[in-house]
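Participant: got a structure for you, letters missing:
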């Protein structure tokens, strides 16, 4: 066998896998992306970054933290050109692709353009916005911003932030101050090495009265020299689990003065005389956070697809153990039922998340258009607030459960690559390390899930009173019928509508339990808040079951919009949708059995169907990951290449590190150890002769004592 | 408020948490460790390494890969002194502590002392062992070994390894050869920068006949100069998810010659004439792998305890949101029911794993004593093989499920620390990155779980035939009665015996399903192997349910050996045991409902009890983690300190990185960008005047054409 045989073997296997796809791969791809236009846009972006020297990715796993930081910043220049020249929605799609390829850079760019610019957009008056525009806000010239909200001791409880902004009416300035260590701004992306300005969230104090947390633009560094301005202390948060390309810093303000007009005054205004004018409702500052959550659901879908592309392509060409002694080749991992069980459900889930993200985007666009058009005193305020509330609670549950599920998918896919999954070059470990932060930032997942559960309890209460619920909670209408539903038999499990009914019934039961637990607690004398805390577990379960059903429903709605046809797209999306719905039923079988919707016998049927669907999906697994249309450069893994040449590219990736085999510590540390001469063994007792001496000392003392006694007697 | 207030507050809170423990913490600690002697030994080891300069850990997260590698090797010297001077069981306890503190170093040391020495111990003849002893094996002088088994294309399928060892009878040598890229030895710990020798697993070929995989000691480098020997190519596997202190390498042999006597001949012998003598049974080489698995269950327990110590101590002092506007302080995370739900079950599980590990150790010690005493032709061979088989299948399931559960515990605990959990200095992210390899090395977890499931099918078959099963499978005796058991009511869920019965019944059902699925497949005409593959999912489920029940039973057995008394130890271990058993019931509720052992109403009772047990355990959570007796140095996290001074120590840890705020790329990369002058916008059309020119060219051509036409007409 020549040294090239393994490459020929794996690439030939991969070619066979995609030889006869049961659907038109291009048409499937277009469906996943929502439109051919969006697909082509994504392909254009991936091609551009694959050729751009700033996005050279071959050596990224061997860089030091400082090198990663520098490389990451170097990418900003090309992006700034795009952000100032492309329409916003086109640029956002570019960012989605970049985020999939380099989450650290996406974050670095996003702290200025997403968070800092977003804070100003959402809370600055028209004049204030123009002012910062002229200062170089959008062009990113002469200024780079960061978002100073989180503090060392306050993350989730934004209202409890301790940084203060006190009006000095004499000088018409705010004095920004960090009162003690616990109020130190922490995790501030871009602060450590990049930012000249910060959007600082601080407790506003005027004439001794506290007005809650407002936003203040504070210059941090002299843009010419990058020196810290007086009273500003900034340091580096240091090494993180992932995303080391973003330079998170801590910031302390010691009596820092900024002009009064640096407070963003769209909602709350403060006059020269110190008069404070508050807006009617305080909720309108959630806009910036919502954008982050929506992008996260999309990132979860994309990241899951990227991970599964790597894992499925590897499993197609990796072979281990022969099925019989005379088999010519060992068996492909993808042909093992257990390996199908490990990966195929996650694959279907990534597709489900993708369609859910498209839906979320539509919902977010509606909400942010409404908010952008808002003027103080607008009559549409109420309708917009209702839409904001539903978007907020929908996005909360989706953000939590989609990011948790995707983190789990990445790690499970990593393990499915066996020992090789532990190599950074294979790419799945760094993906997980970068992705994990989604579970705690922009709203802690557990808290978001509980918010979703709380909203479900309110919805259930409304449903009980006969109010008609719309949209995501519509399954709670007709409560009595829904709660008494049972699965009519195996045939019902074969249709999307049948599976949908199961989710409606079981989610209704889970929400009912949360509602009843809550009611029981309030009846027992607890306050509403205390009752919510004590039924947290039921709330969490309700949100979890509800969200799985919600995702299934989004996937189903998207599938049913696809035209039936010879291209096989509609047929296979239906298979995947059924797969997702049934697999989640199996995952949450306890609730399906508890509600009685499934009997134990029907649960066994569900398990058998899921196993069959794993085997069926395996047959088109490669065309399916091909339809995710990810460029090899974006995937950046020797195992995820289109051509399946896993071993030679893994070999090349590994060989690239320290090719001359330089050893930096053989002489200093290993050689002296291996060639050491141990100290001679010395019998110390013998060498000193201590025991004989001890005896002599004893004898001398006894003789001396005897002599003294004799002398005494003689006297 | 002075800057020190937060420290005073958190340390005072921590003191209150441990003020009135409901049990004697020292006595509890002794119970966890098996004996006071073992506890003191562990404390001695932790104290020693906390003071040893080689174990300075304060800056480890900021080191480069080369620095970590060098620091890691530097620790070996002190350990070698211990390994040559301490009794083996004492030294193994020292390694357990070291592995908890520095998994990369534990691995670096273990590749020589565990794997290389272990391979020689288990497969060398008496003379061969003496030979390598004299060469410096145990003293680690002049030689350092590595374990060359895994290849690029073969991990799990050891029998399929492609490296060859062909006997050259003329020169009385083996020719070791890597036939192609796919056979390259891969993941070889110690090979890249440390090893002088390797225990190489290769296909033995004598007179053209293949005899399977045997072990050959192959010199890799000249111990004096560290130069690679002829025909040896070694390179560095490079960056990994974790454990970058161990230098994994790849190794290629190109016609490398070693003396015939370098093949380890305890089991298979090859004479000068090329006569091959095989032992009666081939299974006896599993000994080395078993030790690894047993140590992994212990490491899972210890790692879970370390992670939970960090998470629980942090949750005790971290406060967020007030329970009412006039509350003086915000609420401790540990007082939120949902936070109790996140951490308390994992805490109980870590205790359960600890007692299970003690049991496994006893079982391993029995098995390895038996194997050590084995001489070829020994009449005790059969009994030892049966014990080996049961240990092998028990350890398989435990290794898989305990490592998966612990990896999940570490990540969930990391997330429970909110945003701060993303910092490397907090320690949980690096812990997870180091721990994760347990899920794929020393036997892929999924494959091990399936092995366990396969053994359960065989045990069920035996039980059906009326054979009496012992030990871990004894619950399958009296099948009919067990399968028909139902939970008699809420009261049964309050006793360990009652919970035990539930696990017996439900595990029996899960095993029954796997057995029946298997039987159905063989009856349908599948071969045994194919049938096993197709019922993989049922096998996996059987192993999962069985293992949870097994762990509960080990925990219960250990608890019931503890004397009742005023020290409260027995009482609280019973609470934790009940907690683990009921929580696992809730986690696996689908199976408890499916089997009918639990009704939906009783499942609700289980959920309520688990929530209560979370709240009850919270009350002694701090004394409980105190009883894990981990030194602050071993924990190495600002959040895991005994005194609870989380913020100031986190601050100090972060401040230590780049304290002078050196910026390595302001001048080169950021400044030119922020101060760039964009190219002037140029209207190119206007500057060139191209459109007028185009028009002129057109006119010139038309005139020329007209002229030419005119001339032609004139002719």
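Facilitator: Yep, it's here. Quick caveat, the model's predicted, so the values are computed rather than measured. Residues are numbered from 1 along each chain as shown, chains lettered A, B, ... in the order given.

Participant: Quick check: the residue nearest to the spatial centre of chain A vs residue A:111, distance?
Facilitator: For chain A, residue A:438 is the residue whose C-alpha lies nearest the centre (CA atoms, centre = their mean; 2.3 Å). From residue A:438 across to residue A:111, the span is 15 Å (CB to CB, to the nearest Å). In this view, the C-beta of every residue, glycine as well, is placed from N, C-alpha and C.

Participant: thinking again about what came up before, any idea which element the residue lying closest to the residue nearest to the centre of chain A once chain neighbours are set aside lies in?
Facilitator: Leaving out its chain neighbours, the residue that sits closest to residue A:438 by CB to CB, 6 or more residues apart in numbering or on different chains is residue A:403, at 4.1 Å. Element membership of residue A:403 [criterion: DSSP states H and E] is helix A:381-416.

Participant: which helices and strands sit right next to that helix?
Facilitator: helix A:287-317, helix A:337-372, helix A:428-435, helix A:445-464, helix A:536-560 (3 or more CB pairs under 8 Å, 6 or more residues apart in numbering or on different chains; DSSP states H and E).

Participant: Can you lay out those as TSV showing mean neighbour count and mean pLDDT?
Facilitator: Shown next, in TSV, are the helices and strands packed on helix A:381-416 (neighbours: other CB atoms under 10 Å in any protein chain shown; pLDDT from 0 to 100):
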stretch	mean neighbour count	mean pLDDT
helix A:287-317	26	89
helix A:337-372	22	89
helix A:428-435	26	98
helix A:445-464	22	95
helix A:536-560	24	96
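
Participant: per-residue pLDDT, the nearest residue to residue A:245 once chain neighbours are set aside?
Facilitator: Leaving out its chain neighbours, the residue that sits closest to residue A:245 by CB to CB, 6+ apart is residue A:104, at 2.7 Å. Residue A:104 carries a pLDDT score of 95 in this model.

Participant: re earlier: okay, the angle between the helix holding residue A:403 and helix A:337-372?
Facilitator: Helix A:381-416 and helix A:337-372 are oriented at 160 degrees to each other (axes from the mean of the first three to the mean of the last three CA atoms, to 10 degrees).

Participant: and helix A:381-416, what's its mean pLDDT?
Facilitator: Helix A:381-416 comes out with an average pLDDT of 86.

Participant: buried residues in that helix?
Facilitator: By neighbour count with 16 or more other CB atoms under 10 Å in any protein chain shown, helix A:381-416 contains the buried residues A:381, A:384, A:387-388, A:390-416.

Participant: Equivalent analysis for stretch A:599-619, please.
Facilitator: Under the neighbour-count criterion of 16+ other CB under 10 Å, stretch A:599-619 has A:602-603, A:605-607, A:609-611, A:613-614, A:616-618 buried.

Participant: Stretch A:54-67 now?
Facilitator: For stretch A:54-67, by 16+ other CB under 10 Å, it's A:55, A:60-63, A:65-67.

Participant: and the gap between whatever residue of the stretch 251-400 of chain A ends up closest to chain B and residue B:212?
Facilitator: Closest residue of the stretch 251-400 of chain A to chain B, CB to the nearest CB: residue A:338 (3.8 Å). Residue A:338 is 26 Å from residue B:212, where distance means CB to CB.
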